[in-house]
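Undergrad: Compute the structure for the input listed below.
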Amino acid sequence: MALSILVVDDEPNIRKTLSIALEAEGHRVTAVGATKDALKEAGGRYFDLALVDLRLGSESGIDLIENLQAVCPWIKCIVITAYASIDTAVEAMRRGAFDYLPKPFTNAQLSVLVGRVFEVRTLEQKVAALQERLKEFVPEAVVESRSPAMERAFAMARQVADSEATILIRGESGTGKSILAHAIHSWSGRSSKPFGTVSCPSLSAELLESELFGHAKGSFTGALRDYPGRISACEGGTLLLDEIGDLPLPIQAKLLRVLQDRVYERLGDLKTRKANVRVIAATNIDLELAIKTGRFREDLFYRLNVVEIVIPPLRDRRDDIIPLAESLLAFFARQNHRRILGFTDNASEALRSYEWPGNVRELRNSIERSVLLCKDTRIGIHHLPLKLKPLEREPEAGDMVTMEELERTHIRRVLASSKSIEEACRILGMDSVTLWRKRKKYGL
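TA: Okay, here's the model as predicted:
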């Protein structure tokens, strides 16, 4: 990665010398002689690094550091000066300088410092890219909340992310346990290494053991080649064991050995291998009850439960529902090229009032569906799934109601009992366009 570098020095010869040396290493260089020119350049383009002379005529280079960082928060500033002293070095670092280079210096000294900036900026950009990919893949991965319980969960996650502790994330299905596990990995020192997920209920015991630990060729029917397994694939990184409560007992014993001794063997292979992987486990069941019924090992539970993070259900943090829904709306509108500005008041109230048994996953699916159905600038209550709409009293026998009220009630009843819009159209004897118009008219 070539850096974009701003050189700020009032001596033309220094600017020229630095530009030649840096450009020879493949960097893009812009050189200016005054603070106003430096701020103008920084305000109009992207810079990774600024080399700033301590004295710029009658102006101070140290004062420029803060102004540059206000314009470019990511910029790294190295102070260069012929007036080196401990006091100026300390002051420069206190004001936000990345490092300090006294004159005269060699090209080799300059190259070492620029190389350090290169490494830091590379890591920063990798983390930013991973975070953006995470948000694109799961747009609800916004680790912010107005719920005290959720804020505590996020605070705990950030506090322990950079440790090597095993983490147990507990919460109902759909609350975002795997999303939080991704976030913990991205905040940790292992973020540049692989992140893997094994869903414990999704495979048979034999295949699950192979998926975790790997296998040697011929170790079982269908094992046509060696397979390293997820523990090996996540070397140096993080492994999420999703729904750990469904892990078969024989595999629980092998996992306990990985957590205790950091070693394991592949299926059909006697060679003992080291496991350098951080384990995060997630569950939506009561593991203490599973221990009492003999379905889960107590010793494994205590190994997994070094740090426990509990994610509350969405119904217990109603202040988060609308911000989450708006974030999801923006994501799906952008993804589907729709110009949708928000929700109507009735739709917002319906979202806020619903119990959300499927939690964030159900909210995500509902918003995606609504975006696809919406042809207006705002999502109305008629775009939401029927179950989200408030129940209304239906006309009873003998009630004096209009034909429109009868039609509305009948269409609503058919929609609620039908498996699809196509089935509802067949029962009602309408084409899909007519039914859409009726639903819009009656707010269904």
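Undergrad: Report the contact partners of the nearest residue to residue 251 once chain neighbours are set aside.
TA: Sequence neighbours aside, residue 209 is the residue nearest to residue 251 in space, at 5.3 Å (criterion: C-beta to C-beta, 6 or more residues apart in numbering). Every residue, glycine included, has its C-beta placed from N, CA and C. Residues in contact with residue 209 (C-beta atoms under 8 Å, 6 or more residues apart in numbering) are 250, 251, 254, 267.
Undergrad: Residue 358 too?
TA: So residue 358 contacts 173, 174, 365 (C-beta under 8 Å, 6+ apart).
Undergrad: ok so residue 101 is a strand residue?
TA: Yes - looking at residue 101 with DSSP: H, G, I helix; E, B strand; the rest coil, it is inside a strand.
Undergrad: So what's the predicted local confidence for it?
TA: Predicted confidence (pLDDT) at residue 101: the value is 84.
Undergrad: and if you look at residue 356?
TA: pLDDT, residue 356: 91.
Undergrad: Just give the nearest non-adjacent residue to it, would you?
TA: Residue 356's closest residue in space is residue 314 (C-beta to C-beta, 6+ apart), at 4.4 Å.
Undergrad: Look up how far residue 420 lies from the one you found.
TA: Distance, residue 314 to residue 420, by C-beta to C-beta, to the nearest Å: 27 Å.
Undergrad: of the two, who's got more company?
TA: The neighbour count for residue 314 versus residue 420, taken as other C-beta atoms under 10 Å, is higher for residue 314 (26 against 8).
Undergrad: so the more buried one makes contact with residue 320?
TA: Yes - between residue 314 and residue 320 a contact is recorded at 7.0 Å, counting by C-beta atoms under 8 Å.
Undergrad: Just the buried residues of stretch 236-252, please?
TA: Within stretch 236-252, the residues scored as buried using 16 or more other C-beta atoms under 10 Å are 237-247, 251-252.
Undergrad: export these to TSV and tack on secondary structure?
TA: Shown next, in TSV, are the buried residues of stretch 236-252 (three-state DSSP):
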residue	secondary structure
237	coil
238	strand
239	strand
240	strand
241	strand
242	strand
243	coil
244	helix
245	helix
246	helix
247	coil
251	helix
252	helix
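Undergrad: Could you list the low-pLDDT ranges of the chain?
TA: Judged by pLDDT under 70, the chain has its weakly predicted residues at 1, 44, 83-86, 127-144, 389-401, 419, 443-444.
Undergrad: Domain boundaries for it, per the record?
TA: Listed domain ranges for the chain are 4-127, 148-312, 313-390, 396-444 (source: automatic domain parsing).
Undergrad: can you map out the strands along the stretch 201-350 of the chain?
TA: Secondary structure of the stretch 201-350 of the chain, counting by DSSP state E, counting those that start in this stretch: strands at 238-242, 263-265, 272-274, 278-283, 307-310, 342-343.
Undergrad: Can you tell me which of those is nearest to residue 356?
TA: Smallest distance to residue 356 across the strands of the stretch 201-350 of the chain (C-beta to C-beta): 15.5 Å, for strand 342-343.
Undergrad: which outside residues touch the closest one?
TA: With C-beta under 8 Å, 6+ apart, strand 342-343 has contacts from 322, 325, 326, 329, 351, 378, 379, 380.
Undergrad: could you redo the last one with a cut-off of 7 Å?
TA: 325, 326, 378, 379 (C-beta atoms under 7 Å, 6 or more residues apart in numbering).
Undergrad: beta partners of the closest residue to the second one other than its chain neighbours?
TA: The shortest distance from residue 326 to any residue that is not its chain neighbour, by C-beta to C-beta, 6+ apart, is 6.7 Å, and that residue is residue 342. Residue 342 has the following beta-bridge partners by DSSP bridges: residue 378.
Undergrad: And for residue 342, the neighbour number?
TA: By the criterion of other C-beta under 10 Å, residue 342 has 15 neighbours.
Undergrad: Identify each buried residue in stretch 192-203, please.
TA: Using 16+ other C-beta under 10 Å as the test for burial, stretch 192-203 gives 193, 195, 196, 197, 198, 200, 203.
Undergrad: quick revisit: same list, the contacts of residue 209, but as JSON lines with distance to residue 281 please.
TA: Converted to JSON lines, the contacts of residue 209 look like this (distance: C-beta to C-beta, whole Å):
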{"residue": "250", "distance to residue 281": "17"}
{"residue": "251", "distance to residue 281": "13"}
{"residue": "254", "distance to residue 281": "14"}
{"residue": "267", "distance to residue 281": "22"}
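Undergrad: quick check, nearest of the residues you listed to residue 430?
TA: residue 251 (53.8 Å).
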